[in-house]
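> Turn this into a structure:
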Amino acid sequence: MQLIFKFARAQVLIAETNDVRAFARLLRGIGLKHNAVMTISEAGFEVTVEEIRTLCGEDLEDSILLTSTKILSYDVAIAWIPTNLFTTFEFHKSASSEPACFEISLDALLQCLNIFGNAAPSSGGNILPPMARSKRRWAGEDDDSVVGSTDDRPRGGKEKRTGMRMVWSGPGHPLSMLLQDDAKGPMTKCELTPLEPEELMNQEFNSDDCVLYFIMKSEWFRDALLDLPPSCTRITLIATPRDQPKPAEMPDATGSSSNARRTHRAAVGQFSLQAVGDFGQTELDYPNDKEVMDKFDCVKEVSFSYHSSHFALLSRALTQSIKICVQVESTGFLCVQVMMPVAEGVPVGEHSGILEFKMHALEDEE
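You can find the predicted model right below:
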């Protein structure tokens, strides 16, 4: 599909693709809020959504009134969208010193990409864990209700795709998209007004303070979230390192295999998800076995809890992904990276999109 659209002035960005689905899927995966900050560079797009809840307090010290701010909740979701998702990607720094960064309506952008109904998620993407099924509407959620929508699957007949040519002329100009329904279908032009970006906190993960690091298949983690109690309000991540003392045998265990499994997991280490609901506690264990973990490093025994609602968006992002990387600092600060399938022709060592989520652990009394 070749889209032809001429502009009189030099462009900061020109991005073209014959199929917007991969682009839309990554954007939909970070729909924590309805606006996002988009940064453009030679490497592609970095789209960030940040939600911070704070509590302000005042203290009187030496007759001076001091105002302090405590972070109650911190969530950030970032989509790393590489240039290899596009057939053409040209980035030229603006003549001004202003960075190629602006705030955009994520809702409106997703609606534009799905204007012909070819960029909505598959029906499988609608399966959310119980704690995600709330009245809250995520960015791009209206797309989920498109009848007969698919993501990467044909709809029984010829597969239809939406081509896109995105252009941005720099600060003060709209983000313009020319969209075409299939190779010979109708075209439409959409323009979005960029806003001044809000300052982001974007707390960095300290890899030197990492106490837990593991990589596993996305579907394993997503299935675990689906098995958690619908009424749970917090999810606890527990991990034990290798070479733990042999646990005492349980006389009431079902057969000797149960005790053998406990002994094996103490030797190799394991990761567990735990949640408490109205009808009791659910715990799902994943031992450090080759068929379960691609990589597992645990410095010490850790146990941190997080708001279950914070995992709702993460569960959406796991749809259509292949791997999940979980990292935890000694403070409980959590960083999760979700890797999308690598497209054909992508060189070894490169990726076809990564979603990153970071959140603070709950305090013990919460």
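
> mind listing what M216 touches?
With contacts taken as C-beta atoms under 8 Å, 6 or more residues apart in numbering, M216 has the following neighbours: Y286, V292, M293, D294, K323, I324, V326. Using the backbone N, CA and C atoms, a C-beta is placed for each residue, glycine as well.

> Show me the beta-bridge partners of it.
Counting by DSSP bridges, M216 forms beta bridges with M293, I324.

> what's the pLDDT at it?
Model confidence at M216, expressed as pLDDT, equals 96.

> For it, give its distance to L110.
Remark: distance between M216 and L110 (C-beta to C-beta, to the nearest Å) = 29 Å.

> The longest helix anywhere in the chain: which residues count as buried?
In the chain, taking DSSP state H as the definition, the longest helix is helix 255-268. Residues of helix 255-268 classed as buried: N259, R262, R265, A266, V268 (neighbour count, 16 or more other C-beta atoms under 10 Å).

> Please apply the same query to stretch 304-324.
Along stretch 304-324, these residues count as buried under the neighbour rule (16+ other C-beta under 10 Å): 304-321, 323-324.

> Count the neighbours of F296 for me.
The tally of other residues near F296 (other C-beta atoms under 10 Å) stands at 23.

> er, T83 actually
Taking other C-beta under 10 Å as the criterion, the count of residues near T83 is 16.

> Please renumber the chain so that the first residue is 25 from this point on.
New numbering, starting at 25: the last item is T107.

> Would you check that it makes contact with A67?
Yes: A contact is recorded between T107 and A67 when judged using C-beta atoms under 8 Å, the distance being 6.8 Å.

> first to last residue in stretch 36-50, what's the distance?
End-to-end distance for stretch 36-50, by C-alpha to C-alpha, to the nearest Å: 22 Å.

> ok now that stretch, how far from the chain's centre?
Centre-to-centre, stretch 36-50 and its host chain are 18 Å apart (C-alpha atoms, centre = their mean, to the nearest Å).

> swap in stretch 231-247?
A distance of 14 Å separates the centroid of the chain from that of stretch 231-247, by C-alpha atoms, centre = their mean.

> What is the end-to-end distance of it?
Calculated as C-alpha to C-alpha, the first-to-last residue distance of stretch 231-247 is 28 Å.

> What residues sit buried inside that stretch?
Along stretch 231-247, these residues count as buried under the neighbour rule (16+ other C-beta under 10 Å): C234, V235, L236, Y237, F238, I239, M240, K241, S242, F245, R246.

> how about the helices in this protein?
Under the criterion DSSP H, helices of the chain are mapped to 45-52, 130-137, 242-250, 279-292, 334-341.

> May I see those helices organised as a markdown table, with distance to H116 added?
What follows is the helices of the chain, written out as a markdown table (distance: least, C-beta to C-beta, whole Å):
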| stretch | distance to H116 |
| --- | --- |
| helix 45-52 | 20 |
| helix 130-137 | 22 |
| helix 242-250 | 36 |
| helix 279-292 | 52 |
| helix 334-341 | 31 |
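
> Domains in the protein, by residue range?
According to the domain assignment given by automatic domain parsing, the chain is divided into the following structural domains: 37-216, 231-383.

> No more questions from me, cheers.
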